[in-house]
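Engineer: Take a look and give me a structure for this.
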Amino acid sequence: MPLLSIKDLSIRFGGIVALEDASFEIESAQIMGLIGPNGAGKTTIFNCITRIYHPNSGSITIDGRDLLRMQPHEVISAGVARTFQNLELFNSMSVLDNVLVGLHATMKATAIEAAFVLPRSRNEERLAKERAQAVLELLHLQGYAGVPAGGLPFGVKKRVEMARALAGHPKLLLLDEPANGLNREEVDELGAIIRALRNDLNVTVLLVEHHMGLVMAISDRVCVLDFGRKIAEGTPIEIQNDSRVIAAYLGEPVA
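Structural biologist: From the prediction side, this is the model:
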């Protein structure tokens with residue numbers, strides 16, 4: 001059974017077709033690149049998975065469970081986490097506290113237990129800090145733990161957002177243009193980090209990205225969208241040589 005299965009997914013906004021019968025699957029511990037021109041429907045798929053949008057038709061399952069029957073917080077509990085195209089950090093909070101936000105949905109102590117610092121609340125806070133610090137170390141961010149996020153370089157902020165997504169032990173990590181705004185050295189470091197997440201933590205990654213060098217270097221498979229429809233899927237080499245993909249990106253006619 002695939003970890004994530006998307007079948008015949010369609011969504012319209014008025015007369016605009018954002019997705020039409022899009023289908024693909026991701027196996028556990030696989031890195032899949034999701035690419036296509038601007039407006040192809042890539043982020044729309046992320047928003048359907050995370051329940052920001054509700055599709056007009058089709059299905060999405062995670063570990064065989066119907067994701068479209070879940071509320072957004074239940075999607076997080078099912079093991080899905082994401083980052084965003086635009087940074088969504090709390091700039092006045094420290095890096096450590098930003099990462100701890102990602103653990104909020106996993107904590108079970110009640111408001112009363114937290115207010116009176118009862119044993120379960122104390123234990124959860126201790127474990128949460130240990131987890132957050134471990135994730136910061138994994139992403140080479142431990143030196144920034146006490147630093148307010150707002151003043152950090154852009155590339156570091158990107159890693160902080162990824163750390164927050166990883167804090168809750170996700171099975172599936174959705175990365176929405178993580179290389180946007182990064183220099184070449186930072187992109188190379190990002191690629192190494194994503195591979196390490198898959199190899200060391202067994203995290204499955206769905207990557208939306210316009211940086212083709214990164215996509216082709218780290219993806220096991222690549223799915224290509226154009227005008228809301230899937231036009232190709234295969235290994236990076238297969239995708240690079242697919243005439244339909246070339247036409248979508250370069251505007252050349254398909255032979």
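Engineer: how far does the helix or strand containing residue 73 sit from the chain's center?
Structural biologist: Per DSSP states H and E: residue 73 is located in helix 72-77. Going by C-alpha atoms, centre = their mean, to the nearest Å, the spacing between the C-alpha centre of helix 72-77 and its chain's C-alpha centre is 14 Å.
Engineer: now do stretch 218-229
Structural biologist: Counting by C-alpha atoms, centre = their mean, stretch 218-229 comes out at 15 Å from the chain centroid.
Engineer: So for it, what gets flagged as buried?
Structural biologist: For stretch 218-229, the neighbour count (16 or more other C-beta atoms under 10 Å) marks 218-219, 221-226, 228-229 as buried. All C-beta atoms are positioned from the backbone trio N, CA, C, and that covers glycine.
Engineer: Would you mind measuring the gap between the ends of it?
Structural biologist: Using C-alpha to C-alpha, to the nearest Å, the span of stretch 218-229 from its first residue to its last is 24 Å.
Engineer: tell me the mean pLDDT over it?
Structural biologist: Average pLDDT, stretch 218-229: 96.
Engineer: Identify the residues contacting that stretch?
Structural biologist: With C-beta atoms under 8 Å, 6 or more residues apart in numbering as the contact definition, stretch 218-229 has outside contacts at 17-22, 24, 26, 30-37, 39-42, 44-45, 191, 194-195, 207, 215-216, 230-236, 239, 242, 244-245, 248.
Engineer: Which of those residues fall within helices?
Structural biologist: 42, 44-45, 191, 194-195, 215-216, 236, 239, 244-245, 248 (DSSP state H).
Engineer: that older thread, just the buried residues out of the contacts of stretch 218-229, in PyMOL syntax.
Structural biologist: The buried residues among these can be selected in PyMOL (16+ other C-beta under 10 Å) with this line:
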select buried, resi 18+19+20+22+24+26+30+31+32+33+34+35+36+40+41+42+44+45+191+194+207+215+216+230+231+232+233+236+239+242+245+248
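Engineer: Redo the buried residues of stretch 218-229 as CSV? Include distance to residue 129 and secondary structure.
Structural biologist: Written out in CSV, the entries for the buried residues of stretch 218-229 read as follows (distance: C-beta to C-beta, whole Å; DSSP: H, G, I helix; E, B strand; the rest coil):
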residue, distance to residue 129, secondary structure
218, 31, helix
219, 34, coil
221, 37, strand
222, 38, strand
223, 38, strand
224, 42, strand
225, 40, strand
226, 45, strand
228, 43, coil
229, 46, strand
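Engineer: now, among the residues you listed, which is nearest to residue 134?
Structural biologist: For the buried residues of stretch 218-229, the minimum distance to residue 134 (C-beta to C-beta) is 22.7 Å, reached by residue 218.
Engineer: Against residue 84, how distant is the closest one?
Structural biologist: Computed with C-beta to C-beta, to the nearest Å, the distance linking residue 218 and residue 84 is 20 Å.
Engineer: Next: residue 162.
Structural biologist: In this structure, residue 162 and residue 84 are 11 Å apart, going by C-beta to C-beta.
Engineer: go on, residue 169?
Structural biologist: Applying C-beta to C-beta to residue 169 and residue 84 gives a distance of 20 Å.
Engineer: do residue 202 as well
Structural biologist: Following C-beta to C-beta, the distance that separates residue 202 from residue 84 is 24 Å.
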